[in-house]
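Engineer: I would like to see how this sequence folds:
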Amino acid sequence: MTFNRDLPLKDMMRPVPADPGAVEGDSFRLNIDMLIKIVLRRLWLLAIVVGAVLMLAIYGLSKTTPQYVAGAELLLGEPASGAPLGDILAERVLNSQAVERELAILKSNRLLAQVVLALELDKDPEFNAALRPETPAEKFVRELKGTIKSFITPPPEPGPAPSAQVEAAAGAEQDRLQGLGGTIASLKGRLRIRQLGDSYLVRVTMVSANRKKAAAIANTVVDQYIAQIVEDRRIQAERFASWLDRRLTTIEKEVEAAENDVLEFRASVITGSDSAERLNQQMRELTTKLISARSELLATEARYTKLQQIHDDQGPLAAADVLDAPVIANYRATIAELKREEADVIRRFGENASQLITLRQSIDSLNKDIAREVVRVLAEIGNSAEISRAVVDSLENSLTNIERLTVERAREQIELRQLDRVAEASRLVYERFFDSYRKQQEVQNFEDTNAAVISYASPPFAPSTPKVLLTLVLATAAGGMLGLGIIVLLELRRRTVKTADDVPSQLGLSVFGKFPKVQTQRGARHLPAVLNPRMLPKLTQGAVNLRSYVQLLRDEPIKTVLVTSSLQKEGKTSTAAMLAWAAARAGASCVLVDGDLRNPSFIGGTEDDAPTLADVLENRASVADALRFEPSMSCYVLPARRAFEDPSNLFDSARVSKLLETLRNRFDFVVIDSPPVLGVSDALAFGRHVDLVLFAVRSGSTSISDITRALRLLQVMRVSEIGAVLTFSAPDNEGRGYYDAI
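Structural biologist: Predicted coordinates:
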């Protein structure tokens, strides 16, 4: 028993709550300490499981055929920059995207068929299942597969027979494999081909029951791969040569036609004065003249417009002022001279002088001449503008014609250059194909495949499988895991209380005592008298401890104790007998009530009519008449006799309360051995009237679920105090020698 030393003794004896990590209702969780305890209790089972798995592993090793693994390494190719003879060899040069293609070639049925034929594997029973005798297990598996397939796959519906073309197409692969499909499949299942990292190295490994055969097959695979590359190159070169021959003839004709087109077009193009250079020079000259003529036209038109506007608005004389014509200048000089003479006549002879008439007529005549000259000059300027406009139009027409000719010449040059490019492209294609054709002639006799065998496989000295030591280690580990799993499953299937520490953690009850397993043939009423000397200290120590803890539970003395359990054969009667014996041994007057009318343990008297508990409850006898003193236990016993009717009718609350009240008044300590809680309600009738209920829990037997259900029933009856007593517990050294003198 374990107590919390920080609490008073009476509080230590009260029920403690369950460990939340262990049980809540019917839930169950394992911690590492609990798991260790479980394993230690069932260590024998773990050893049996591990031993059985090891025996199976040893048997399997004895029946396993040793397998040898041999491997060869192959270099697939170089990076894509290493084609020494042009594109024709670059067809076999690898890059990272083409490695998968080469691996597929290594695993192809075509290559493996060559390996089978080269080594005659179709005649080897290891690879040809038809040559091996069928074992009973293989026959059973084959028939089982056929049966399952017949149920799963429906029979084919009748229909028209396939045509010969369909039959030929469907059997193309079988024809190509020459009936070696089964042998190739078996070989492929034993062959392992993998790329080494990101390199172009490939490792080819073979598994076989024969060490030399494994090496021979791996070496033949790499050799056949290189031979297949050489053959593929030869076929490819021949096809390429035939195609080049035809293609060169076609390209040669295309080049000749393109060059003729260039010559003919050049001959048709106009040269000489209408050449592109001459047209460009003429265009530049005409452009210069056109710009000058347009400027002159604009100036002439502006002058004409200005003079015409002055003539119309201010008259011819005003227009003459802006003209710099010599004739008008002479007229103006003559008029000026005449006006001076007029002024001189007026000064000398006055305004009425006869000379003035002649002078003024001359001035008017000159002004008219100036007007006529202005009109003539305007007409002349207008004519000049018309001429300039005609010149500009002529120059523009000429420039337009030259531009048109220039565009035509440019188009002709473009067409000519296009023809030149076509001819040049044709020549380049011809030269490229001719160069490839020449190199192809060299490649036909060039056998460098750009792939090489790095290392051939050698026959291994030891088999790779089975690995005896590793298999045994794994079998031991697997057996340990299986054993642990079985132990945990058994524990989960039926969870029981094993030790005193499990009671508070899994049931939430304090342990008031524990008793070892007792071997006796005379029943619980003679238990203290029949114990052997070796077992007596253990049992008496447990009884004295139990009685002490009961008395120390609370300040006021405990006078009535009910001993019960969840099911039968859990040691409750022995616990009740030892508790009564310990109380009597301590000097208290004690009575043991056999409350189990269905399966009584303390048969009262030797006569059939001797009063028992049932008689007392039915008021047919008094308590004093029914009591019997038991010398082996040093206390009184209220016996019972098996009832043939339902005894639950006797255990009503009033009768039980009256009985217990009578016993309390007469005895210092009353112990009641009641029936199990589950299945019958007799114990519940006593439970609400006693000071303490001791619940017997058989170690390693009673399931926690049954105990939990029984405790719930007791709690429903509002039992004030409940404690646990662990029975059939394993012997330990707790308190050894301390009570040997009892």
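Engineer: so which strand or helix has residue 672?
Structural biologist: Using DSSP states H and E, residue 672 sits within strand 669-673.
Engineer: so what strands line up beside that strand?
Structural biologist: strand 560-565 (parallel), strand 590-594 (parallel) (DSSP bridges).
Engineer: Among those strands, which comes closest to residue 169?
Structural biologist: For the strands paired with strand 669-673, the distance to residue 169 is smallest for strand 560-565, at 82.4 Å, taking C-beta to C-beta. For glycine as for every other residue, the C-beta is placed from the backbone atoms N, C-alpha and C.
Engineer: what's next to that closest one, contact-wise?
Structural biologist: 550, 571-573, 575-576, 579, 595, 660, 663-664, 669-677, 683, 686-687, 689-698, 702, 710, 725 (C-beta atoms under 8 Å, 6 or more residues apart in numbering).
Engineer: Tell me the buried residues within the residues you listed.
Structural biologist: 550, 571-573, 575-576, 579, 595, 660, 663, 669-677, 683, 686-687, 689-698, 702, 710, 725 (16 or more other C-beta atoms under 10 Å).
Engineer: Let me know the secondary structure of residue 110.
Structural biologist: Three-state assignment for residue 110 (DSSP: H, G, I helix; E, B strand; the rest coil): helix.
Engineer: what about it, how many residues close to it?
Structural biologist: The tally of other residues near residue 110 (other C-beta atoms under 10 Å) stands at 12.
Engineer: and if you look at the one 10 residues further on?
Structural biologist: Residue 120 is flanked by 9 other residues according to other C-beta under 10 Å.
Engineer: re the thing from before, out of the strands paired with strand 669-673, flag the one nearest residue 721.
Structural biologist: strand 560-565 (9.4 Å).
Engineer: looking only at pLDDT, what's the mean for the closest one?
Structural biologist: Taken as a whole, strand 560-565 has an average pLDDT of 88.
Engineer: following it, which helix or strand shows up next?
Structural biologist: Following strand 560-565 toward the C-terminus (DSSP H and E): helix 572-585.
Engineer: Return the alpha-carbon coordinates of that following helix using CSV.
Structural biologist: Output in CSV follows, covering the C-alpha atoms of helix 572-585 (Å, rounded to 0.1, in the frame of the first residue of the first chain):
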residue,chain,number,x,y,z
LYS,A,572,-14.2,-12.0,-0.5
THR,A,573,-15.1,-14.8,1.9
SER,A,574,-11.5,-15.4,2.9
THR,A,575,-11.1,-11.6,3.4
ALA,A,576,-14.1,-11.4,5.6
ALA,A,577,-13.0,-14.4,7.7
MET,A,578,-9.4,-13.0,8.2
LEU,A,579,-10.8,-9.6,9.0
ALA,A,580,-13.1,-11.1,11.7
TRP,A,581,-10.3,-13.2,13.0
ALA,A,582,-8.0,-10.2,13.3
ALA,A,583,-10.6,-8.1,15.1
ALA,A,584,-11.2,-11.0,17.6
ARG,A,585,-7.5,-11.5,18.0
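Engineer: Compute the mean per-residue pLDDT across that helix, please.
Structural biologist: So the average pLDDT for helix 572-585 ends up being 87.
Engineer: residue contacts, residue 458?
Structural biologist: So, once contact is read as C-beta under 8 Å, 6+ apart, residue 458 ends up touching 70, 215.
Engineer: Using the three-state scheme, assign it.
Structural biologist: coil.
Engineer: quick one, the strand holding residue 672 and helix 572-585 angle?
Structural biologist: Comparing the axes of strand 669-673 and helix 572-585 via axes from the mean of the first three to the mean of the last three C-alpha atoms, to 10 degrees yields an angle of 170 degrees.
Engineer: who's in contact with strand 669-673?
Structural biologist: 558-563, 572-573, 576-577, 579-580, 583, 588-596, 601-602, 660, 663-664, 686, 690.
Engineer: what are the ranges of the helices in the stretch 1-150 of the chain?
Structural biologist: 9-12, 32-41, 43-63, 87-90, 99-106, 109-119, 136-152 (DSSP state H, counting those that start in this stretch).
Engineer: Point out where the stretch 151-300 of the chain drops to low pLDDT.
Structural biologist: 154-159, 165, 167-168, 170-178, 269-276 (pLDDT under 70).
Engineer: Of all the strands paired with strand 669-673, which one comes closest to residue 714?
Structural biologist: Using C-beta to C-beta, the strands paired with strand 669-673 put strand 560-565 closest to residue 714, at 8.1 Å.
Engineer: quick one on the thing from earlier: reformat the helices of the stretch 1-150 of the chain as TSV; add distance to residue 383.
Structural biologist: Converted to TSV, the helices of the stretch 1-150 of the chain look like this (distance: least, C-beta to C-beta, whole Å):
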stretch	distance to residue 383
helix 9-12	145
helix 32-41	128
helix 43-63	130
helix 87-90	80
helix 99-106	92
helix 109-119	101
helix 136-152	115
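Engineer: right, and the strands paired with strand 669-673 - which one's nearest residue 64?
Structural biologist: Using C-beta to C-beta, the nearest of these to residue 64 is strand 560-565, at 54.6 Å.
Engineer: Wait, a strand at residue 619?
Structural biologist: No - checked against three-state DSSP, residue 619 lies outside a strand; its state is coil.
Engineer: May I have the phi/psi pair for it?
Structural biologist: phi 60, psi 30 (degrees, to the nearest 10).
Engineer: That one - how many residues pack around it?
Structural biologist: 9.
Engineer: Output the residue ranges of the helices in the stretch 401-550 of the chain, listed in chain order.
Structural biologist: So, for the stretch 401-550 of the chain - with DSSP H, counting those that start in this stretch - the helices run 468-493, 502-507, 527-530, 536-551.
Engineer: helix, strand or coil for the residue nearest the centre of the chain?
Structural biologist: In the chain, the C-alpha nearest the mean C-alpha coordinate belongs to residue 197, at 23.2 Å (C-alpha atoms, centre = their mean). Following three-state DSSP, we place residue 197 in the coil state.
Engineer: chain center to the strand holding residue 672: distance?
Structural biologist: 68 Å (C-alpha atoms, centre = their mean, to the nearest Å).
Engineer: any idea which of the helices of the stretch 1-150 of the chain scores lowest on pLDDT?
Structural biologist: helix 9-12 (a mean of 36).
Engineer: Make a markdown table from the helices of the stretch 401-550 of the chain and add distance to residue 717 and mean pLDDT to it.
Structural biologist: What follows is the helices of the stretch 401-550 of the chain, written out as a markdown table (distance: least, C-beta to C-beta, whole Å; pLDDT from 0 to 100):
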| stretch | distance to residue 717 | mean pLDDT |
| --- | --- | --- |
| helix 468-493 | 30 | 84 |
| helix 502-507 | 17 | 74 |
| helix 527-530 | 29 | 48 |
| helix 536-551 | 20 | 77 |
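Engineer: Looking at those, which one is packed in the most?
Structural biologist: Comparing the helices of the stretch 401-550 of the chain by mean neighbour count (mean count of other C-beta atoms under 10 Å), helix 502-507 comes out on top with a mean of 22.
Engineer: Which elements pack onto it?
Structural biologist: Contacts defined by 3 or more C-beta pairs under 8 Å, 6 or more residues apart in numbering; DSSP states H and E place helix 502-507 against helix 704-716, strand 722-729.
Engineer: So what are the sheet partners of the shortest one and their directions?
Structural biologist: Going back to what we said before, that points to strand 722-729. Strand 722-729 has these strand partners (DSSP bridges): strand 511-516 (parallel), strand 692-698 (parallel).
Engineer: so the first one versus helix 536-551, what angle?
Structural biologist: Angular relation of strand 511-516 and helix 536-551 on a 0 to 180 degree scale: 160 degrees, by the same axes, to 10 degrees.
Engineer: how far does strand 511-516 sit from the chain's center?
Structural biologist: The answer for strand 511-516 is 56 Å, by C-alpha atoms, centre = their mean.
Engineer: And the last one, by the same measure?
Structural biologist: Distance of strand 692-698 from the chain centroid (C-alpha atoms, centre = their mean) equals 55 Å.
Engineer: can you state the direction angle for it and helix 704-716?
Structural biologist: 170 degrees.
Engineer: Cheers, nothing more for now.
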